[in-house]
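no sequence on this one, just coordinates:
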C-alpha cells in the first residue's frame, strides 16, 4: 500500500470522507479529509500532531492558489461538511455558523432573515465562509461595508494541538480579550483551522439599482468615480473595467451599485445623474443579478490565469493603473483589468502569452516601480515556476519576525506551518 | 493643624477622576504631567487630607505654585468641582505649614500687607517701579527686575490720579452705579478707568467711586493669604454699602470673580456672611452691565478705524463668571470688525502676580496665545482684565509685534464719543 | 530602582520626561478606575518614538515592567501598575504628523487627544469617527490599546475599524513600523491584532487612522419616556426593524438629574424616567425616512414626547450632556464604578432590569446610561471608597452583573477593556483553551511578560503556561 493509500485509510477511519485534492493547482494531490463535526476535526489535528504530519485546512479550495508552493503536505482538511447553524438571531443582526457553509447558502439564509451578508463575494457557491475568512477575501461591497475582517465578531478555531479556542463572541460590540479573530482572519490556514464564524449582518435593502456607462479614457473614468465618491450618495460598489477592444470609442466601463430604501436610492440616482453621462440602469432583482454577474466577471480571484492584485491609495489609482497597463502593453500581454477606485484596488487577469520566468520578471519590475507609489502587489494563481523567488503576497516587511514568532507559539507542533504563506510561514 | 484642614477636603471628593479637565489645563498642556493637571492636584490635595502625603512635601507645593488658577477646568468639569476655591484653600493651608525663606516672606509681606493695603504705598511703589524701569535700575534687582523691565512702562503720576468721587450721567439719567477703581487698574491703566466712567456716564448712569478704597483682596486669596483677603473683603463691603443697592461695576475680571465669591469667602463669619452675600449679588462685570443697558447711540465709524479686533476671554470672566457673550455682543454693537481668536478661553499666562513669580512658565503659556493671535489676522487684542492687558502688552513688545491691546471699555468709549482710545494709539 | 538606571533614563528623556518624586508619582497610581491603585516606581514621558525606544531598551536590559498610559481615562485599570514598574505615558507625544484629505487618513503621535484630531480635520469636511465619551481627554494611543468605542461606533464601528497603521515600540525597545501604504495587510494582520491588546503587546507611538467624510445631513432626536423598559424595548424594536441610525443612547432618571445639574445641562426633562437620544446621518431622503420610522416606534412604545434638535448648537448640547454623564455622577457620590457589559439587543429590557435589581439588593445607587444600539450597558454604581463595606458590595454587584449578562449570551466589556478589573471574570466567558491561545500570542510579542503585566489573562492560566514550559 502506498503512503497515500495508508494515510487515506487512517484518515477515513478517523473522519469518514476522504478524496484527493491538490494543495495548489499545480501540486500533486494529497488526501483530503472532511470531518463531520468539530470533535472529529480536533481528533484529526491531534492525530496530525502526534504523527508529525503537515496539514492544509481549506473549505472548497477556491483560493489555495493565492498561496505559494507548500513544502511537504500530508493531507488537506476540508471543513465543507461543517455546516451547522449555531445561532441565527435576526432581531439582533448576528449569525453564528460552522465554517463549511457556502457563501451562497448563507446569503439565502440572511436574506430570508431580512439581512444582507457582507462580504458579497463573487461565485458564492464555490466558497465557504471559513475559507473566505481565512483568506480575508472581501467583495466589491467592501466600499460600503469595509473588509470582511471588520465583520467577524468571533471565531472558534482548532489549533494544532487539537484544542478548540474561541475568540471574540457573538455580539456586535465586544472587547473581551485579545482580538485574535483579526490574527486568524487572512492567515490562510497557517495558524489554525477555522470551524465556526460569528458575523454581523446588515439590513437587506428594500430597493437596488445598478448603473453602467462607458467613457473614452481612464482619466474620464476616474473623474466620474471621484465625482461619485465625493457625492453624498453612498454607493455600495463602484468599479471600472477596461474594454478591450474599445466599443464605439469607449475604452472604459464604469459600474455602480446603489441600494437602500426606495426613496433614498431614487434620490441618490437623481443626484448621480448630474455627474454621470448617458448611462444604462436596471433595478430590483435585475439589478441584483447584474451586480452578481459583474462581480463574477470583475473578480479574478479563482481564475485559471495568473492575476495581479494591486492595492494603493485612492490618489495614486491613476498612476498605478497606468504603470501596470504600460508594462503589460510593452510585453504585449492579453489581459482583463478591473479597478475599484474607492478601494484603490486593481485586479488584472493575465491571459497570456506569458512564460513563468517573464511573469516573475514582470512582478519584480512592477514591485520596484510600485514602491514609489506606496502600492503593493500580490500575485495570485501563478504557476509554480514563477514563484521560485517571488513571494506571492508581497514584499517582505518589518513584521515578519514577529509573524514567525506568532506561528511558532500557536503552531508549536508545526502542523500548519507549510511554508506557503507570506514570508514562508 | 490636622491634615484634613490643610485643604478643602469635602470639595476634593467631588472629583470623580474622569480626566475631562486635562486638555484645558495650561500647565498640563505644557508638561503632559498628571501631577500638573487639575485632576492630579486634587489627587494630591486628597492625599494630603488623608495623610498619605505630607503637606510639606516639596512637590506638593511645587504643583500648587505651578497652577495659574485660571479655572478653565471648572468650565469643563461635569462634576462641578470648584477648583478655584480649592486651590485657594490649599494654598492657605500651605502658608500655614510652610517655612518660606526670609526674603520670600519679606516680599510677600511687603506686597500683600503693605502695598496692596494702602493707597500711599501702592502709588509710591508704582512711582518706584516707573523710576526703576526708566533708569534701568531694575537690572540690579535680578529676576524680579527682569520681570519689571518686561512689563509695560508704568504711566506717569498724572495718569495715575484717583478718579473723582462722583461723575454725573452725560445722557438722560437712567440710574446710578458704584464703580471699583481697583489697585492695579488705577496704577497701570488709569485710562481704562476713565474710559469706563465715560461709558457708564455716557449711557446715563451717575457713577460713584468710593474714595480711599484700595484693593478687593483677589490677589491675596489667589495666593493663599485668606486672612488678609477676608480683611480686605470686609473693608470693601463696608466701602460699597454707602451706595445702597446700586450695582457694583468692575472692569477687572479677576476682581469681579473674586467679589462675586465674597459670600463664600466669609461663609464662616456670622457677622459678615449676609452682608457679603448681599454685596456679591450687586457685583457685575462692566460688560454685563453695559450689555444689559445697551446703548443705541454707538457711533460705529470710529471703532472701524481701530482695525480688526479680536477678543480674548479673561479666565476669571469666562470661567469665573460665565460671561462670554456680552463682550462679543458689545463689540458687534459698537460696529467693530471682529474675528474670533482660536482657543480664546485658554489662559494667557498672566494669572495675577504669576507672571512676576514665574516669568518663564508664564511666557511658555503665552506662546500658544500669541500664535493664535497671529493666526487670527487681527490688529487689536481686546481684553477685560488688567493682568491680561499687561501680559498681552509685554508679550507683543517682546515679539516685536505692532499689535495693540485695548480694554473693552476703551473700545466702547471710542464708539460712544470717539477720541478716548485713539489718543494713545 | 537603581539610581544609575534613573539617571540613564533622565539622560535619554530630559528632566521634563521623567517623574521620580514620590509625591508626584502618587497621581499615577490609578487611571479612571480609582477603585484599584498602585504607585509606579517611575513615570516616563518621552517626546518621540526614538526616545521611547531608547528608554524601553534600558528597561528591557534591567527587566523592569512597563505600563503604558495615555491620558489615564480608562475604566478598567489598564494604565494602573500592578507589580510596580514604570509607567510610560504618551502625554507629550501629541503632534499631528500628516493629514491626507484626498486619501482620507491622518498620521499622528499616539498622545494626541481624540477630539483634537477631529478639530484638525473638520475644515476639510472630515472627522474621526470613534468618539468615546472621554474624547476631550483620552488619547488616540489609549483608544488603540483599548479598542475604544463611543456612541457613534454603533454605525461607524469601534477603533479597530479606523486604525490603518501603527508604529509600535516592542518590549525590547525595537521599533516595529507598521504604517503600511495600503489597506490590506501583507501577512498576518498585526495592526488589527495590536488594537485592543491593552498595552500588553507594546507601546504604540504613532497611529495612522482613517478619516470619515462629514455626513451630508445629521439629525438628532430626543425621545422622552416615563418608563425605562419602554425605552429599552423601542431600541430592540428599532434593531429588529433593521433601522440604521448612527447612535442610540439611553439615559435614565438618575443620570438625567446629574447631567442637568452640571455645566453640561442639555435640557433633558427632569421628570422623565428615561430619554433615548437618537442620531441619524446620511443623505437627506434616507435620514428623513429613518427618523419617521424611529419616531413611530418610540411613540408606539409610549414615548410621551419626541423632540428634534433644531440647530447644530442644540445637537451639540444634547451630546455634551450625554458625554459628560460619567463625570456628572460625581455629584451623586464621591466615586463611581462604571460597568461595561454587552448584551444581545433582543434582551435589553430584561438585562437592564436585572442590573437594577442587583444594585437594589446590594443597597447601592445605580444609574444607567448606555449605548443601547450596540447592547453595550453601562450600569454606573455610586459609592464612597472610604466605606470598605460599600466597596465590597460594589465589587460583588459588578461581578453578579457580569454573571447574569454572560449567562444570557452577553460579554464582559464593550469598550473599556478587561484590565485588572475583569481579569478574574474572563473565565466566565472563556475556557482555559481559549485563554491559553491568548497567552501564546502574548508570548510572541512579549516573552518576558513585562508589558503591562498582571492584566487581562486570569492568573491561573498564566501560571499554568509558565509551569508547562519550564524544562523538567
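Nice, I can see it. This is a predicted model, so every value here is computed, not measured.

do you know how far whichever residue of the stretch 151-300 of chain A sits closest to chain B is from residue C:136?
Using Cβ to the nearest Cβ, residue A:175 is the residue of the stretch 151-300 of chain A that sits closest to chain B, at 19.6 Å. For every residue, glycine as well, the C-beta is placed using N, CA and C. In this view, residue A:175 and residue C:136 are 21 Å apart by Cβ to Cβ, to the nearest Å.

Looking at those two, which one has more neighbours?
residue A:175 (29 against 23; other Cβ atoms under 10 Å in any protein chain shown).

Could you report the separation of that one from residue C:394?
Going from residue A:175 to residue C:394 by Cβ to Cβ gives 22 Å.

same for the helix or strand hosting residue B:405, what does it pack against?
Using DSSP states H and E, residue B:405 falls within strand B:404-407. The elements that strand B:404-407 packs onto, with contact taken as 3 or more Cβ pairs under 8 Å, 6 or more residues apart in numbering or on different chains; DSSP states H and E, are helix B:190-202, strand B:380-383, helix B:386-399.

Show residues contacting that strand.
Residues from elsewhere that reach strand B:404-407, judged by Cβ atoms under 8 Å, 6 or more residues apart in numbering or on different chains: B:189, B:192, B:195-196, B:251, B:306, B:309, B:379-384, B:389, B:392-393, B:396, B:421, B:425.

what is the mean pLDDT for it?
For strand B:404-407, mean pLDDT rounds to 97.

Flag every buried residue along it.
For strand B:404-407, burial by neighbour count (16 or more other Cβ atoms under 10 Å in any protein chain shown) applies to B:404, B:405, B:406, B:407.

Given it, what are its sheet partners and their directions?
Strand B:404-407 pairs in its sheet with strand B:380-383 (parallel), by DSSP bridges.

distance between the strand it pairs with and the chain's centre?
Chain-centre distance of strand B:380-383: 15 Å, with Cα atoms, centre = their mean, to the nearest Å.

List the contacts of it.
Under Cβ under 8 Å, 6+ apart, the answer for strand B:380-383 is B:306-312, B:314, B:327, B:331, B:341, B:373, B:389, B:392, B:396, B:403-408, B:411.

Quick one: buried ones out of these?
Buried positions within these, assessed by neighbour count (16+ other Cβ under 10 Å), are B:306, B:309-312, B:314, B:327, B:331, B:341, B:373, B:389, B:392, B:396, B:403-408, B:411.

If you average pLDDT per helix and strand, which one of the chain comes out bottom?
This is for chain A. Every helix and strand of chain A was ranked by mean pLDDT, DSSP states H and E. The lowest is helix A:3-15, at a mean of 88.

returning to that earlier point: quick one: the strand holding residue B:405 to chain centroid distance?
The answer for strand B:404-407 is 15 Å, by Cα atoms, centre = their mean.

Can you get me the start-to-end distance on stretch A:233-242?
In stretch A:233-242, first residue to last residue: 24 Å (Cα to Cα, to the nearest Å).

Return the set of buried residues in that stretch.
Neighbour-count burial for stretch A:233-242 flags A:233, A:234, A:235, A:236, A:237, A:238, A:239, A:240, A:241, A:242 (criterion: 16+ other Cβ under 10 Å).

Could you measure from the second one over to residue B:254?
Which is residue A:234. Look at residue A:234 and residue B:254: by Cβ to Cβ, they are 52 Å apart.

picking up where we left off before, ok, the residue of the stretch 151-300 of chain A closest to chain B - contacts?
Shown in contact with residue A:175 (Cβ under 8 Å, 6+ apart): C:146, C:147, C:149, C:158, C:196, C:413, C:414, C:415, C:416, C:417, C:418.
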